[in-house]
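>>> need a 3D model of the following:
(one chain, ligands or ions: 2)
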Amino acid sequence: SNKIKVAIAGYGNLGRGVESALAQNPDMQLVGVFSRRDPVTVELLNKDVPVYAMADIEQFQDQVDVMILCGGSRSDLPEQGPYLAQFFNTVDSFDTHAKVNEHFAALDAPAKKAGKLALLSVGWDPGLFSLNRMFGETILSEGETYTFWGKGLSQGHSDAVRRVEGVKSGVQYTLPSEAAIERVRAGEQPELTTREKHIRQCFIVLDEGADAETVRTSIVTMPDYFADYDTEVNFIDQATFEKDHSSMPHGGFVIRSGVTGSGNKQTIEYSLALGSNPEFTASVLVAYARAVHKLAGLGEVGAKTVLDVPPGLLSPKDPAQLRLDLL
Ligand SMILES: NC(=O)C1=CN([C@@H]2O[C@H](COP(=O)(O)OP(=O)(O)OC[C@H]3O[C@@H](n4cnc5c(N)ncnc54)[C@H](OP(=O)(O)O)[C@@H]3O)[C@@H](O)[C@H]2O)C=CC1
Ligand SMILES: N[C@@H](C[C@H]1CC(C(=O)O)=NO1)C(=O)O
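Ligands and ions are numbered 1, 2, ... in the order given. Model prediction:
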């Protein structure tokens, strides 16, 4: 069939979201899921899709058009990205904002050498919010841009706390400062520090015998993720965790407030309200996987971000049909 052949590397919340998002895109086909765990222990939504060991992934390079990397940004993607870029066109959701150029360079070399494409930092932030911050600051060159997230579950920060020694289960909610939002919406264009915009609230189940204060310190001092925020760490038992912390809503908005010409106030706002952070992020990954397949067909190689992808390539519609949607 002439469907785009897609595979998933890493099966967690995001991997599951990509599996269901692919089922909503009939021009694409999920050919397999790769996991570092024993494949027989990995339960997919669709039992007809094969699960393979990550160790065997190189053997599939000729059977996959695009590999969607669903590992964690803190420790999986920095290692898996450069490795897989040697064999596949890849898409990832890398979101450690401070390290994006480092990750770009680490992907660009192996991808160029292999004649492959590596699209990084796809999702909503980074991803769709990145595009809207760029539109805002470019179109309203005189102004201020603000990004607020939540109240909701950050997967990057939840993945990060789960990697801390002594943590059995963990989630992190991001809470925006209502006072800061008020000031921005009132057009004050305030100078706000990272700490003034959001607080971070963690719920942790400890491993047997782990020390709470040691875990708390590891989290609140964690560079790039928690060090610049006021962070609350709550310890709960597994039953409470499963009862109260199993859904993953999120959302947020990007505001650009500026002035044009003779001092006319202009505001651009882009907002998201997400019932499922992973399923939405996965839907963005799948749309960009389609664009990566088209760009690879045009001979594009190396690392790219959403800022480098012509938006029309995301659509399954043919260009003439898409042009009709312009107005
Ligand atoms: N750019 C954006 O807007 C967004 C980016 N993200 C990014 O997505 C990343 C992944 O998030 P998420 O899917 O929630 O992370 P998870 O913790 O659910 O999964 C990360 C990896 O952990 C492994 N894993 C999953 N479940 C288990 C388990 N039960 N036991 C052992 N290992 C397991 C999987 O690898 P394996 O199968 O190999 O074991 C998986 O790929 C985040 O780190 C974040 O950076 C997320 C949302 C938005
Ligand atoms: N990358 C984020 C997506 C948004 C959410 C977020 C935060 O709450 O800090 N930052 O960016 C995620 O992993 O969920």
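
>>> quick one: the strands in this structure, in order.
When assigned using DSSP state E, the strands of the chain occupy the ranges 4-9, 28-35, 51-53, 66-69, 89-91, 117-119, 143-149, 152-153, 167-176, 198-206, 230-235, 250-260, 264-274, 302-304.

>>> any chance of a markdown table for these, columns mean neighbour count, distance to ligand 1 and mean pLDDT?
C-beta here means a position set from N, CA and C on the backbone, and glycine is covered the same way. What follows is the strands of the chain, written out as a markdown table (neighbours: other Cβ atoms under 10 Å; distance: least, Cβ to the nearest ligand atom, whole Å; pLDDT from 0 to 100):
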| stretch | mean neighbour count | distance to ligand 1 | mean pLDDT |
| --- | --- | --- | --- |
| strand 4-9 | 25 | 7 | 98 |
| strand 28-35 | 22 | 3 | 98 |
| strand 51-53 | 17 | 9 | 98 |
| strand 66-69 | 28 | 8 | 99 |
| strand 89-91 | 28 | 11 | 99 |
| strand 117-119 | 29 | 12 | 98 |
| strand 143-149 | 19 | 10 | 96 |
| strand 152-153 | 22 | 9 | 98 |
| strand 167-176 | 20 | 10 | 98 |
| strand 198-206 | 21 | 14 | 98 |
| strand 230-235 | 16 | 17 | 98 |
| strand 250-260 | 20 | 8 | 95 |
| strand 264-274 | 14 | 9 | 95 |
| strand 302-304 | 23 | 15 | 98 |
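
>>> what's the closest of those to residue 243?
strand 198-206 (11.2 Å; Cβ to Cβ).

>>> same for the closest one, what does it pack against?
Under the contact criterion of 3 or more Cβ pairs under 8 Å, 6 or more residues apart in numbering; DSSP states H and E, strand 198-206 touches helix 155-162, strand 167-176, helix 212-220, strand 230-235, helix 238-244.

>>> hey, C-alpha coordinates of the first one in CSV?
When you say that, I think you mean helix 155-162. Included here for helix 155-162 are C-alpha records, laid out as CSV according to Å, rounded to 0.1, in the frame of the first residue of the first chain:
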residue,chain,number,x,y,z
GLN,A,155,4.8,15.2,31.0
GLY,A,156,8.4,16.4,30.7
HIS,A,157,8.5,17.3,34.4
SER,A,158,6.6,14.2,35.4
ASP,A,159,9.0,12.0,33.4
ALA,A,160,11.9,14.0,35.1
VAL,A,161,10.6,13.3,38.7
ARG,A,162,10.0,9.6,37.8
